[in-house]
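In: Just to be clear, the model below is a prediction. Sequence and coordinates:
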Amino acid sequence: MKSHPLRDPVCNLASIILLFVLLYIAEEYLDLYNKRILNLVAINTILALSLNLIYGFTGMFSLGHAGFMAVGAYVCTLLILTPGQKKSMWMLEPIQPWLEQLSFPLQLSNLFGGANNPALHEFAVQLGFFGAVLLGGLAAAIFGLFIALPVLRLGGDYLGIATLGFAEIIRVLITNLTPITNGALGIKGIPNHATLWWNFGWLVFTLYFIIALMRSNVGNVFKAVRDDEIAAKTMGVNSFFYRVLAFTIGAFFAGVGGALMAALLSTIDPKMYVMMLTFNVLMMVVAGGLGSITGSIIGSIVITVMLEWLRIVESPLNIFGFTLNGIPGMRMVIFSVLLLLIILFRREGLMGTREFSWDFVFRTGRKP
Amino acid sequence: MSAPRAGTLAAKTEAGQYSCAGALQDQQSSADILRLREVSMRFGGVTAVSELDMSLPQGTIAGLIGPNGAGKTTVFNIITGFYTPTLGEVRFKDKNISGVAPHRICKQGIARTFQNIRLFSGMSALENVMVGGHLRQKSSWWMVPFQLPSVHREQRELREKSMLLLQALGLEKVAHQPAGSLPYGAQRRLEIARALATNPSLMLLDEPAAGMNPQESSELMRLIRRVRDDFDLTILLIEHDMKVVMGVCSHLWVLEYGICIASGDPASIRSNERVIKAYLGQEYRHNA
């Protein structure tokens, strides 16, 4: 029973088109709050996929995600702020002059002559944002590479501790490099370029990249390093190289996610990038299923939506005439209980290591 | 260098003609694919292997036997690069490979299986074999997302080649099942298939017949010979099943406490007093 060779590509293309049609509808008809949840879903999925590549597929317990996100966020932000914004915001210490002048959207706009053509200006701004996000990702990847070279000689829990330490080092650096990062004051008023289109566009790219990699033999090698590193070495796998590779690619997408997140929230400060952020992403990956791309997607959708939806329990409730005062923090308690249930009864996560496939869809379609 | 060495060793052992430096050492030539020269391995105060000399001619099936803890697996770990010998050198195809990283040694053509099976248990049988084939791939990782036709072609060829290997070992029906869920015998064969995928010229088998019943182990003997002929291999194996060892090996080395106490063809080993005392036991002589 062999399916048509073009079936899968056609189905993939159709679902991407469908996604963007839905996005168009969402962009037109949804209110700001719901749009924001959709945006968060996309960004969290990018982050979960990148952590899954490192932890789920290559088996490296890394807790450095917040650090990579911070690098991506700061690099991207510094590239899209206007010189005027930078000048007024750096109050503790003046910003470095070379950095003050650096503003991708503005410089591109000048280059294209966008001053007298609004459409061209808009194009330059968007292109500048794309470049800034890309560079944010690349900067995070370079950080990832430098951290990976010493740290990936460790394994297991020790790797987790070391990467956690590096994430904190990045945070402390950002706090203290005031002439570049504005220190503990953080950065406000970041232009909100991270629209549904950009976020989901990057999500589709991330998905494509990671699926292509995992379907090729490179993916098999990643999983081999995870399952048994000694056997992998015996099979001629340069396991250190592949661990560094997976870590660096993961760091790149974490940086991209961080950059998009910064542009979505429009404020960043060093305190955002504490361990909790890493654990949020880790939670999505583990709940969805370590080593499953589908699982990461489902995990981030469910958890992002639930984090918002559970806010109900924190606001005053009226049940059968009784009024309950909202308890702040209650949703995190419910969340912990749900996670405990997942760990107790479904340790492998919602999806395990299984993946969505069109075969499955068509099989269930045929059998009523 | 090696000639006087052989002399001294022969003088030390009572039965000179079975000494480790004997037999194959005489015809030593470039036809030897693997040669160990006075290899010693010490872990702190423990000498796991001491002054071991071995030379393995191309195309033979040879065996390494001895009681538990004699250092047989240590020898395998030295050859495959997991340990760097404290003294001495390992030469493979006339190149010194002592201290070279395991993945480089694999690339030069040495593959192995493990005593306690080490498959990538979360992956399918086919994927396991494909990992073995990754060494011979030309395209690198960054070409993959660009969907270059050459990458596609290579991927398809690798898949087909891996499928053929699975067929050769009778595993084609379970190609898409997770390796960890296969029955024991199939896992052993899958380990051999995965090792073959690296395109080796020397294969080290660590207790391939462990846990097999007599019928399975006689099938295994046929398989080992067939694999040697079909893939043009030299095979060195560790085994405790004497029927297998005596049946397939043309030359044997016997280790005890890291020291090679005898070497020679199966017939001479069988009647060697020292080997009987150290390993085979008197009963074996009566039965044989």
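Out: Sure thing, it's come through. Nothing here was measured: the structure is a model prediction, and the numbers come from that model.
In: remind me, longest helix of the chain?
Out: In the absence of a named chain, chain A is used. Counting residues, the longest helix in chain A under DSSP state H turns out to be helix A:118-151.
In: nope, chain B
Out: Assigned via DSSP H, chain B shows its longest helix as helix B:149-168.
In: Would you state the helices of the stretch 51-200 of chain B in chain order?
Out: In the stretch 51-200 of chain B, the segments counted as helices under DSSP state H, counting those that start in this stretch are B:72-79, B:102-108, B:125-133, B:149-168, B:184-197.
In: which of these sits most buried?
Out: helix B:125-133 (a mean of 27; mean count of other CB atoms under 10 Å in any protein chain shown). Bear in mind the C-beta positions are built from the backbone N, C-alpha and C, glycine included.
In: Run through who's touching it.
Out: A:217, A:220-221, A:223-224, A:232, A:235-237, B:111, B:119-120, B:123, B:158-159, B:161-163, B:165-166, B:171, B:174-177, B:179, B:182, B:190, B:193-198 (CB atoms under 8 Å, 6 or more residues apart in numbering or on different chains).
In: Now find how far off-centre that helix is within its chain.
Out: Put simply, helix B:125-133 sits 19 Å off its chain's centre (CA atoms, centre = their mean, to the nearest Å).
In: Could you do stretch B:32-41 as well?
Out: 14 Å.
In: all strands in the stretch 1-150 of chain B, in order from the N-terminus.
Out: B:32-43, B:46-57, B:61-65, B:87-92, B:95-96, B:110-112 (DSSP state E, counting those that start in this stretch).
In: Figure out which of those is closest to chain A.
Out: Nearest to chain A, of all the strands of the stretch 1-150 of chain B, is strand B:110-112, at 5.7 Å by CB to the nearest CB.
In: helices and strands around the closest one, which ones?
Out: Judged by 3 or more CB pairs under 8 Å, 6 or more residues apart in numbering or on different chains; DSSP states H and E, the packing partners of strand B:110-112 are helix B:184-197, strand B:202-206.
In: Apply 6 Å and report the result again.
Out: The contact analysis (3 or more CB pairs under 6 Å, 6 or more residues apart in numbering or on different chains; DSSP states H and E) places strand B:110-112 against strand B:202-206.
In: ok, now which ones touch the most centrally placed residue in chain B?
Out: For chain B, the residue nearest the mean C-alpha position is B:L204 (1.1 Å; CA atoms, centre = their mean). Each residue near B:L204 by CB atoms under 6 Å, 6 or more residues apart in numbering or on different chains is listed here: B:F76, B:R112, B:L236.
In: And for A:H193?
Out: By CB under 6 Å, 6+ apart, the neighbours of A:H193 are A:F129, A:A263.
In: and with 10 Å instead?
Out: By CB atoms under 10 Å, 6 or more residues apart in numbering or on different chains, the contact set of A:H193 is A:76, A:80, A:105, A:125-126, A:128-130, A:132-133, A:260, A:263-264, A:266.
In: how close does it get to A:T77?
Out: To A:T77, A:H193 is 11 Å away according to CB to CB, to the nearest Å.
In: Grab the CA positions of stretch A:254-274 and hand them over as PDB.
Out: Extracted in PDB, the C-alpha atoms of stretch A:254-274 (Å, rounded to 0.1, in the frame of the first residue of the first chain):
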ATOM      1  CA  ALA A 254      16.400  30.200  21.100                       C
ATOM      2  CA  GLY A 255      17.900  33.600  20.200                       C
ATOM      3  CA  VAL A 256      15.400  34.000  17.400                       C
ATOM      4  CA  GLY A 257      12.600  33.200  19.900                       C
ATOM      5  CA  GLY A 258      14.000  35.700  22.400                       C
ATOM      6  CA  ALA A 259      14.300  38.400  19.800                       C
ATOM      7  CA  LEU A 260      10.700  37.900  18.700                       C
ATOM      8  CA  MET A 261       9.600  37.900  22.300                       C
ATOM      9  CA  ALA A 262      11.300  41.200  23.000                       C
ATOM     10  CA  ALA A 263       9.600  42.800  20.100                       C
ATOM     11  CA  LEU A 264       6.300  41.400  21.100                       C
ATOM     12  CA  LEU A 265       6.500  42.500  24.800                       C
ATOM     13  CA  SER A 266       8.200  45.800  23.900                       C
ATOM     14  CA  THR A 267      10.100  45.900  27.200                       C
ATOM     15  CA  ILE A 268      13.000  43.900  28.300                       C
ATOM     16  CA  ASP A 269      15.200  43.900  31.400                       C
ATOM     17  CA  PRO A 270      17.700  41.500  32.800                       C
ATOM     18  CA  LYS A 271      15.300  40.200  35.500                       C
ATOM     19  CA  MET A 272      13.100  38.700  32.800                       C
ATOM     20  CA  TYR A 273      15.800  36.200  31.900                       C
ATOM     21  CA  VAL A 274      16.000  34.200  35.100                       C
END
